[in-house]
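Student: Fold the following.
(2 chains)
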Amino acid sequence: MTEIRTEAQAAARKVIAFATAAGATQAEVLFSEGDSALTRFANSEIHQNVAQHDAQVSLRFIDGRRVGCAATNRLDDEALLRLADRAARIARLQPEQEEALDLPEPAPIRPVAGASSQATREASPESRAAAAREVIAAADAIGVMAYGSFNTSVERVGVLNSRGVDVIEERTSAELIAVAMGGDREAGYASAAAIDVSDIDAAAVGREAAARARDSRGAVAIEPGDYQVVLEPYAVADLLETLGYVGFSALAVQEERSFHEPGRVVGSELVTIVDDAADPAGLPASFDYEGVAKERVVLIERGVCRDVVYDAQTAKRAGRRSTGHGLPAPNTFGPFPLNMQMAPGEATHEELIRGVDRGLIVTRFHYTNPVHPKLAIVTGMTRDGLFLVEHGEVVGPVRNLRFTQSYLDALAGVEAVGRDRFRVSGDYSPVVVPAVRISTFTFTGATEH
Amino acid sequence: MQDLSQRALDTAVQRGATYADVRVVRRSEESISVKSGRVDAVGSGETEGFGVRVIVDGAWGFAASSVMTAPEADRVAAQAVRIARASATARRRAVVLDDHQRAEGTYRTPYAVDPFTVSVEDKVALLLEAERTIASTEGIAFGEASYSAQREWKSFAASDGSATDQEFTHVVASIEANAVDGDELQRRSYPDSGQAAGWEWVVGLDLAGNAARIAPEAVALLSAPQCQPGRRTIVLDPSQLYMQVHESCGHPSELDRVFGTEASYAGTSFLTTDKLADGFRYGSDLVTIMADATSPGGMGTFGWDDEGVTAQRAPLVQDGILAGYLSSRETAPRIGRQSSGAMRADGWDRIPLIRMTNINLLPRDGMTLADIVADTDDGLYLASNRSWSIDDRRLNFQFATEVGYEIKGGKLGGLIKNPTYTGITYEFWRSCDAVADDSSYVLFGTPNCGKGEPGQVGHVGHGASGARFQDVQVGVGKW
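Tutor: Numbers count the residues shown, from 1 in each chain, chains lettered A, B, ... in the order given. Below you'll find the model as predicted:
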């Protein structure tokens, strides 16, 4: 995995040498170098359009039972030497810790297929603007305004450590977000995420958002309460991400903050959630930010809690090996599942809706936040398309509602899962999810649009 | 640094920019976290780079790089111009900036003790002392204490001749006590805040003393009664009220959000510009909310914003009536005003956006916070924010706090766990019937305000003294 050469990688090798010379008993450097660009549009015009280039190295300096971390984006020798000195000083000014940290040892890492794309690497301001114009044209066609963003990025990321870990990988990503909104407060959302930017059909994304906006014209007020729901994949993504945040980390389990206990039933038999960075359905990656091979972890299997994700430190505490889910040091958050997927079911989208007696189709959630992390009680709003369904038929658009709902109870209430899955960019990472139907979901408030 | 800025400006103008500005930013950060009796993480970071923002053909372009060389300045400036030309292919309205006076000068955050000169040993010792106090409390599952500091040097230059140099020093500290009993997890924290200041502010927090106060409360909350649903009178402690101001006044008064330019991410605002002309009643007569970029110690305090506009103090809400917006040189002329000086960027690689400065609910003479409690026959006293959520037009909000206390007959009573309250922004602020005087006024610093794509994290401030609200829905959801 060493075909790629970057300036940051060369700097990382120097930093390992500087740290060793400074007396580190172990040292690790996480490095990255890349370009990203984002074209943003609102009111059917491009209003923000940016690009950046950066390279950085981050050193974890271990002196016995003391650890110091330092990072810089200056790659000249003087800055790198200063980096090593700074990390060493930080480590040595700390009290000796009871708990030793061992950096990961080298292990075979199988490169994942398709982590990067030449088309994404070569995306230009002109190509992003062209995509924005396609979304705008779709909005124009139904008399609403287009809002959204189109991001393309390439990152070469790697890890070196003094025990011999030496990995580097190029990862690309592209994401198009579209919101169509009109004067009647109608709104629709669509998005697409890909490794290869040419896999994103901007016109189709624009049409999906516009159609949803058109369908949400004339939304009427509806009373909050318990409703059967069909959650579109954009909304299901929030379920997985939030559960990952509050419960799927080994640190959360070790600190008793998590609901997750092996064998505990938390979902219906239709619910299986895994973290799998090798699956090209998501955005693949072969190793984590500690240079450990990413393993497939079954988080929930047929409704039953199975395992959580580990980094080097939480794995050592648990007496097992890291699953390859470490975040960049210094990391107080613990490991995180960055490649979650929910297993598909058998229902078509129409069948999901047909099974609703009286309920709501939720396009997506907005500004969700855990109210009680251990019970996974979350509040948030619906947004950009909420539709009432009666006797299996869509009645029409309704105004947005606030929900306050245990996401575990939501998993337990899953009564049908869509057979088609979609890659959805979340707040933390992409997830691969189907639409689902849930027997009851508690809406606790209403708003004016 | 000046050479690089001038080079980038010259290149941008030569290539067709009608306006250009350059920010060269260097940032140093350090962070320390202790947990469960051990040092959890100690980190130090530095980053440096420059960003070039241009207007070409009436459209914006921006490019940034961490390579600080003259050839890179040329490349980045040319890239910004190319990007702006691409923007112009989807433009409906040319960017027009307000007229403003050329900015020139320097600004520096005042502090007594430079946090970067205090030894790691001393910082760790202070945090461990507080954490030990928490951990030694019976029933505590784990405690945490953390500190971070950031220093930013920012040099701004624009093609209109503006040139400023600023140095900001911000510190943040927090302690947290967590108690667990089965599925019940209760947290108490202090102070959930930061300041534009030095190490003296951290020492003044008395983390160890407050650890002794909050840790037993976290344990007691495990067996406290659940917040019951109903419509109640609530008194918000400053530690929650600041977040109410942040979400339901600060964000909706951002004029870019009002104009829809954040629609695809965080949403828009119900405070449409017709409401300014109409004298929209945002709150009761007691509610005056000031955007003040000059508040001493505020994390939203500066000399000039990132468009070279001088720091200002102006009301967003005056005696309950909508009075203004947070604005930029581009958005302010659209409502016939000058920029309020609210444009700030998160580092060298981001464009400036309209950000909150210090958004302060002004105290009112007449009643102390204790007087307000004594004046409340039946209610809930809610403190320390636990979670927050608000809709995409900033109307329907819901907050949870770490702790609630019953108020009966004007006296604070027993603890209530898992308190939540919800409402519609303007209805809530109109129900405000008491604002405490300045004896309980606290200027909070919020170091984690998210906005924009690509994401930016802003440092903002909020002053609040505590206030009372009538007929508020509490105890939301099924527990």
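Student: Find me the pLDDT at A:Ser425, would you?
Tutor: The predicted local confidence for A:Ser425 comes out at a pLDDT of 87.
Student: again, but for A:Glu3
Tutor: 66.
Student: Check A:Glu98 too.
Tutor: Model confidence at A:Glu98 (pLDDT) stands at 80.
Student: Quick one: the helices in chain B, in order.
Tutor: Using DSSP state H, the helices found in chain B span residues B:2-14, B:70-88, B:120-135, B:199-204, B:207-222, B:238-245, B:255-258, B:274-278, B:369-374, B:425-430.
Student: Within the sheet, what are the partner strands of the helix or strand containing A:Arg60, with directions?
Tutor: Applying DSSP states H and E as the criterion places A:Arg60 in strand A:45-63. As defined by DSSP bridges, the strand partners of strand A:45-63 come to strand A:26-42 (antiparallel), strand A:66-72 (antiparallel), strand B:59-65 (parallel).
Student: Dump the ones you listed to a markdown table, plus distance to B:Ala141, mean neighbour count and mean pLDDT.
Tutor: Every C-beta, even on glycine, is put in place using the N, C-alpha and C of the backbone. Rendered in a markdown table, the data for the strands paired with strand A:45-63 read as follows (distance: least, C-beta to C-beta, whole Å; neighbours: other C-beta atoms under 10 Å in any protein chain shown; pLDDT from 0 to 100):
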| stretch | distance to B:Ala141 | mean neighbour count | mean pLDDT |
| --- | --- | --- | --- |
| strand A:26-42 | 30 | 25 | 98 |
| strand A:66-72 | 24 | 26 | 95 |
| strand B:59-65 | 43 | 26 | 98 |
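Student: so which of those strands comes closest to A:Glu351?
Tutor: Put simply, out of those the one that sits nearest A:Glu351 is strand A:26-42, at 35.6 Å, with distance taken as C-beta to C-beta.
Student: Show me how far that closest one is from its chain's centre.
Tutor: Taking the mean C-alpha point of strand A:26-42 and that of its whole chain, the gap between them comes to 15 Å (C-alpha atoms, centre = their mean, to the nearest Å).
Student: now the angle from that strand to helix B:70-88?
Tutor: 30 degrees (axes from the mean of the first three to the mean of the last three C-alpha atoms, to 10 degrees).
Student: picking up where we left off before, got the helices of chain B as CSV, with mean neighbour count columns?
Tutor: What follows is the helices of chain B, written out as CSV (neighbours: other C-beta atoms under 10 Å in any protein chain shown):
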stretch, mean neighbour count
helix B:2-14, 19
helix B:70-88, 23
helix B:120-135, 20
helix B:199-204, 18
helix B:207-222, 19
helix B:238-245, 26
helix B:255-258, 26
helix B:274-278, 13
helix B:369-374, 19
helix B:425-430, 21
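Student: Distance to chain A and mean pLDDT for these - can I get that in TSV?
Tutor: Putting those into TSV (distance: least, C-beta to the nearest C-beta, whole Å; pLDDT from 0 to 100) gives the following:
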stretch	distance to chain A	mean pLDDT
helix B:2-14	14	95
helix B:70-88	4	98
helix B:120-135	4	96
helix B:199-204	15	98
helix B:207-222	12	98
helix B:238-245	11	98
helix B:255-258	9	98
helix B:274-278	13	97
helix B:369-374	25	98
helix B:425-430	10	98
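Student: list the buried ones in stretch A:101-120?
Tutor: Along stretch A:101-120, the positions that meet the burial threshold by neighbour count (16 or more other C-beta atoms under 10 Å in any protein chain shown) are A:Leu101, A:Leu103, A:Pro104, A:Ile109, A:Val112, A:Ala115, A:Ser116, A:Ser117, A:Ala119, A:Thr120.
Student: Using CSV, write out every CA atom in it.
Tutor: Included here for stretch A:101-120 are C-alpha records, laid out as CSV according to Å, rounded to 0.1, in the frame of the first residue of the first chain:
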residue,chain,number,x,y,z
LEU,A,101,-1.0,2.6,25.6
ASP,A,102,0.4,0.3,23.0
LEU,A,103,0.3,1.5,19.4
PRO,A,104,-1.0,-1.1,16.9
GLU,A,105,1.4,-3.5,15.4
PRO,A,106,1.6,-4.0,11.6
ALA,A,107,-0.9,-6.4,10.2
PRO,A,108,-2.0,-7.3,6.7
ILE,A,109,-4.4,-4.7,5.3
ARG,A,110,-6.3,-5.6,2.2
PRO,A,111,-6.8,-2.5,0.1
VAL,A,112,-10.4,-1.9,-0.6
ALA,A,113,-11.6,-1.6,-4.1
GLY,A,114,-12.7,1.7,-5.5
ALA,A,115,-11.8,4.1,-2.7
SER,A,116,-10.9,6.8,-5.1
SER,A,117,-11.8,8.1,-8.6
GLN,A,118,-10.0,10.0,-11.2
ALA,A,119,-13.1,11.9,-12.2
THR,A,120,-13.6,13.2,-8.7
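Student: Distance from the chain centre to that stretch, please.
Tutor: Centroid displacement of stretch A:101-120 relative to its chain, using C-alpha atoms, centre = their mean, is 18 Å.
Student: what about it and chain B, touching?
Tutor: No. Using C-beta under 8 Å from any C-beta of the partner chain as the criterion, no contacts between stretch A:101-120 and chain B are found, and the smallest distance is 10.6 Å.
Student: quick one: average confidence on that stretch?
Tutor: 93.
Student: what's near enough to touch residue 430?
Tutor: Defaulting to chain A. Residues in contact with A:Pro430, defined by C-beta atoms under 8 Å, 6 or more residues apart in numbering or on different chains, are A:Ser173, A:Ala193, A:Gly282, A:Leu283, A:Asn339, A:Arg423, A:Val424.
Student: wrong one, I was asking about chain B
Tutor: Going by C-beta under 8 Å, 6+ apart, the list of residues near B:Arg430 reads B:Arg281, B:Tyr282, B:Gly283, B:Ser284, B:Gly320.
Student: Also B:Arg26?
Tutor: B:Arg26 sits next to B:Glu46, B:Thr47, B:Glu48, B:Glu152, B:Trp153 when contact means C-beta under 8 Å, 6+ apart.
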